[in-house]
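> model this:
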Amino acid sequence: MVSGENPGPSAPETTRGKVTKESRVKQLERLLLTVRVIAKGRDTVTADEVFAELRAKGHDTSQLGKNAPIPRVRVHVQGKLSESTRAWLSQNGHDLDNIDKSEQRACEAAVRDAADKKNESVRADVRLLLHDLEFQILSKGEKTRMLEIKAEEHGRRREQRQKDANKNHYVENMKAIFDVLSELDIDVNSREFNPVVLNARPKQLKERIEILRQLGFVDIAKLLTTAPHTFVTTKIESGEVGRTLEYLKEHGFGVSSVEGKFVCVSLHLEKRIKPRFAVMKDLVEKPKLRHLMTSAAVFNAFLRKKRHEKEMRETEHERYEAAASAALHAAAAESLPSRASSNKTGKRGVYAQPNGFQAVKNGNNLGFFKTMEEAELCYNRYVEAEIASIDEMARLEVEKLGLVLEESRTSSSGFKGVSGPRKKANEKPYMAVIKVGGKNMTLGYFATAFSAAVAYAKKRMELEPLPLPPASGEEGQRFLDQAHAQGLRLITSSASQTGYLGVTKRCGCITKPYEAKLGRSEEKPSLGCYSTPEEAAIALAEHYAQKRKERMEKQTELCALIKTNAMERDKRMPKPTRKRARSRDGEGKPIPKKKPVQPFYDKELTNPAHEAFPMMKDAAEWAGLKGDSTIGRSCKDGTVAGRHPDTRHHVFWKRLDPVVVEKPEATTERIASMKKDRLISVLEELGQPAAEYTTVFTMRKRLLQLLEENSDLLSRFRR
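Sure thing, here's the model as predicted:
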């Protein structure tokens with residue numbers, strides 16, 4: 001019986017909270033006293049006698065048989081008298097037949113008699129009957145008062161009926177339990193009788209006894225006296241006894257041997273029986289049923305073993321905690337971000353394995369670790385090293401091409417033309433966009449803001465500047481010659497009225513009509529007013545040249561920081577290990593492919609029907625077969641397998657010698673795994689412009705040709 005369920009016909013006497021030991025003992029005393037009173041006279045004893053005996057011994061009977069079912073009775077039925085009223089009238093000499101025949105005089109006499117004897121319930125019931133028969137008309141208030149009087153009496157009688165029903169329900173349940181015990185010839189008056197078995201319900205007790213008989217138990221009466229606490233739980237119905245018997249049979253015990261120690265069956269299989277068998281197995285001792293009891297030798301050995309295992313686990317747990325704490329401190333010192341994911345571990349690139357955790361990046365195994373924090377640290381180091389290498393490649397382009405990156409106060413990335421980071425982007429969160437011909441042109445997505453800014457600067461440098469507008473006069477030509485002599489680059493714009501970016505003409509101004517305006521990100525909006533647009537353009541060019549010089553100084557510091565960061569990240573970058581195919585004879589040997597097959601028209605395999613197929617899958621498709629297993633049997637047994645698709649003749653199959661493919665060298669394999677960015681940088685370092693090669697395949701092919709021509713370059717591609 002599960003915890004929380006009523007254990008028997010009567011709920012245990014408890015206060016609010018946990019059941020105390022004294023209340024359980026008192027409950028068993030009450031059950032034993034009840035069944036012994038019933039044993040004195042099974043058919044003659046009444047519920048009142050049983051309850052009187054219990055009260056005489058000091059037991060509380062108010063909660064026994066609680067909530068027993070009783071028939072529901074209506075308070076008032078129109079045109080009829082209640083059973084209690086009819087009983088009172090019969091006892092006081094009234095003729096019920098005349099009242100049933102609705103005689104007015106008999107009813108009025110009953111009303112007067114009830115009023116004289118002060119029985120308001122009977123008087124109200126009879127008056128309501130006269131009202132229903134229209135012999136006497138009651139007002140609405142009088143009728144309501146009569147119904148209230150009758151309802152009060154009905155409530156009192158219902159309480160009494162409930163008490164009587166509770167008594168009968170409790171006694172009948174105990175009689176049913178007594179009958180079950182009597183069938184097994186169990187003497188409840190014996191000193192050996194244990195009252196714990198009385199906690200079971202009669203129906204459950206019968207079902208449990210039947211289950212035990214089906215399992216092979218013979219002396220059920222002895223079981224009830226040796227292990228009665230088994231019968232107040234649901235272990236028998238739930239199959240706990242059956243599973244325990246099966247487990248004991250596997251260790252050489254039968255039902256007959258278990259029956260003598262039935263208390264062993266009542267123990268928990270998973271919590272006590274199996275662990276103790278494991279202890280006995282470790283001690284190289286023959287299992288015995290007495291060892292399942294509280295045997296001091298076996299139990300102490302079990303405790304010693306468990307204590308030792310616990311100490312080992314605690315030591316290992318402390319070691320794991322120290323490793324996890326060190327990994328967290330290292331991540332904080334290196335400023336590594338935590339990357340969340342929707343996988344089971346909640347960390348990107350970290351996967352749970354049977355013996356720990358594995359860090360994986362793009363199919364590359366970064367290592368196995370005992371704690372999730374160590375695997376996360378390894379993955380983040382690898383990712384940050386990749387990001388640092390991307391920034392390092394961008395830095396080399398900046399130094400080589402002399403690019404100047406444009407900063408922006410309004411952009412979240414800090415660079416002009418670079419937006420991001422995007423929330424849902426994992427690998428490349430930054431996007432570079434440039435405006436060409438009045439339209440936005442996307443340059444791609446990048447892993448870092450610096451690389452995106454470099455792409456923006458390269459594209460801006462590739463765009464051809466617009467030609468200078470014609471001079472506004474002799475003075476304007478003089479300013480153009482001055483700008484050319486100083487090496488200033490005037491910025492033109494097709495959208496500007498003057499032809500120069502940032503130079504606007506003020507209406508109504510005669511002396512200095514041209515104003516040099518700056519962008520919204522600048523501290524001051526204007527550089528002043530000038531007489532010619534060329535003079536205003538020169539002022540803007542000088543301002544932007546000064547800004548460019550300041551950006552170059554900041555950019556130099558940024559590039560130095562990127563270079564240092566890339567070197568540090570590369571030192572801590574974990575080296576991925578890839579699984580490579582190996583032959584049975586060892587590494588470096590040629591790896592054979594599957595043996596090819598060829599079809600023939602004759603069983604002697606002399607007349608070929610087609611050329612050989614390198615794979616049996618292709619051969620099965622050619623022969624119109626659903627699978628290649630039939631071709632395998634044909635090669636082994638010489639049976640027919642499929643038809644020629646054109647001639648429709650049956651064909652036989654022969655397995656040819658395997659085709660051996662030499663394993664590629666390490667250098668070739670490494671070049672084949674290079675990506676486009678890496679190939680471009682390597683070719684440019686070797687003096688080969690990457691713009692001449694349009695695809696990755698041509699880049700790899702050209703790099704292999706260079707290695708064949710110059711053997712000195714092989715050293716840089718060794719592993």
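> now do the strands in the stretch 451-600 of the chain.
503-505, 514-517, 526-530, 591-592, 597-600 (DSSP state E, counting those that start in this stretch).
> got the contact list for the first one?
Spelled out, it's strand 503-505. Ser496, Gln497, Thr498, Pro513, Tyr514, Glu515, Ala516, Lys517, Pro533, Ala536, Ala537, Leu540 (C-beta atoms under 8 Å, 6 or more residues apart in numbering). No exception for glycine: its C-beta is placed from N, CA and C like everyone else's.
> next, count neighbours for the first one.
This points to Ser496. 17 (other C-beta atoms under 10 Å).
> same question, the fifth one
Here the neighbour count serves as a burial measure; for Tyr514 (other C-beta under 10 Å) it reads 23.
> which residues touch it?
The contact partners of Tyr514, by C-beta under 8 Å, 6+ apart, come to Thr498, Val503, Thr504, Lys505, Arg506, Cys529, Tyr530, Ser531, Thr532, Pro533, Glu535, Ala536.
> ok so, going back, dump the strands of the stretch 451-600 of the chain to a markdown table, plus mean pLDDT and distance to Ala457.
Below are the strands of the stretch 451-600 of the chain laid out as a markdown table (pLDDT from 0 to 100; distance: least, C-beta to C-beta, whole Å):
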| stretch | mean pLDDT | distance to Ala457 |
| --- | --- | --- |
| strand 503-505 | 79 | 24 |
| strand 514-517 | 77 | 24 |
| strand 526-530 | 78 | 24 |
| strand 591-592 | 47 | 48 |
| strand 597-600 | 89 | 60 |
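> how about these, which one is nearest Arg700?
Distance to Arg700, taken as C-beta to C-beta, is lowest for strand 591-592 among the strands of the stretch 451-600 of the chain, at 21.8 Å.
> as a quick check, tell me the outermost residue of this protein.
Relative to the centre of the chain, the most outlying C-alpha is that of Arg105, 83.1 Å out, by C-alpha atoms, centre = their mean.
> and the closest residue to Leu138 other than its chain neighbours, what's its pLDDT?
Among residues not flanking Leu138 along the chain, His131 sits closest, at 4.6 Å (C-beta to C-beta, 6 or more residues apart in numbering). His131 is assigned a pLDDT of 77 by the prediction.
> thinking again about what came up before, filter the contacts of Tyr514 down to the buried ones.
Those of the contacts of Tyr514 that meet the buried threshold are Thr498, Val503, Thr504, Cys529, Tyr530, Ser531, Thr532, Pro533, Glu535, Ala536, by 16 or more other C-beta atoms under 10 Å.
> mind listing what the nearest residue to Cys559 once chain neighbours are set aside touches?
In this structure, Cys559 finds its nearest non-sequential neighbour in Arg395, 4.8 Å apart by C-beta to C-beta, 6+ apart. In this structure, Arg395 makes contact with Phe450, Cys559, Ile562, Lys563, judged by C-beta under 8 Å, 6+ apart.
> helix/strand/coil for Arg395?
Following DSSP: H, G, I helix; E, B strand; the rest coil, we place Arg395 in the helix state.
> and the residue farthest from the centre of the chain, how close does it get to Glu210?
65 Å (C-beta to C-beta, to the nearest Å).
> in the strand or helix carrying Ile387, what's buried?
Assigned by DSSP states H and E, Ile387 falls within helix 372-401. By 16+ other C-beta under 10 Å, the buried positions in helix 372-401 come out as 372-398.
> nearest to Gly476 among the buried ones among the contacts of Tyr514?
The shortest approach to Gly476 among those belongs to Thr532, at 4.6 Å (C-beta to C-beta).
> how far out from the middle of the chain is the lengthiest helix in the chain?
Ranked by residue count and defined by DSSP state H, the top helix of the chain is helix 140-183. Relative to the centre of its chain, helix 140-183 is centred 54 Å away, using C-alpha atoms, centre = their mean, to the nearest Å.
> now the element after that helix, going C-ward?
helix 202-215.
> now for that next one, which elements pack on it?
With contacts taken as 3 or more C-beta pairs under 8 Å, 6 or more residues apart in numbering; DSSP states H and E, helix 202-215 sits against helix 140-183, helix 220-226, helix 240-250.
> SS state for the closest residue in space to Cys378 that isn't next to it in sequence?
Among residues not flanking Cys378 along the chain, Ala359 sits closest, at 4.4 Å (C-beta to C-beta, 6+ apart). Classification of Ala359 using three-state DSSP returns strand.
> neighbours around the residue nearest to Phe135 when sequence neighbours are not counted, how many?
Excluding the flanking residues, the one nearest Phe135 by C-beta to C-beta, 6+ apart is Gln104, at 4.7 Å. Taking other C-beta under 10 Å as the criterion, the count of residues near Gln104 is 12.
> so how far is Glu142 from Gln104?
In terms of C-beta to C-beta, Gln104 sits 18 Å off from Glu142.
> and stretch 196-206, C-alpha only, in CSV?
The C-alpha trace of stretch 196-206 is given here as CSV (Å, rounded to 0.1, in the frame of the first residue of the first chain):
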residue,chain,number,x,y,z
VAL,A,196,0.1,-5.9,12.2
VAL,A,197,-1.7,-8.1,9.6
LEU,A,198,-5.1,-6.6,10.7
ASN,A,199,-4.1,-3.3,9.0
ALA,A,200,-4.8,-4.9,5.6
ARG,A,201,-8.3,-4.6,4.0
PRO,A,202,-10.2,-7.8,3.7
LYS,A,203,-10.3,-7.8,-0.1
GLN,A,204,-6.6,-6.9,-0.4
LEU,A,205,-5.7,-9.6,2.1
LYS,A,206,-7.5,-12.2,0.0
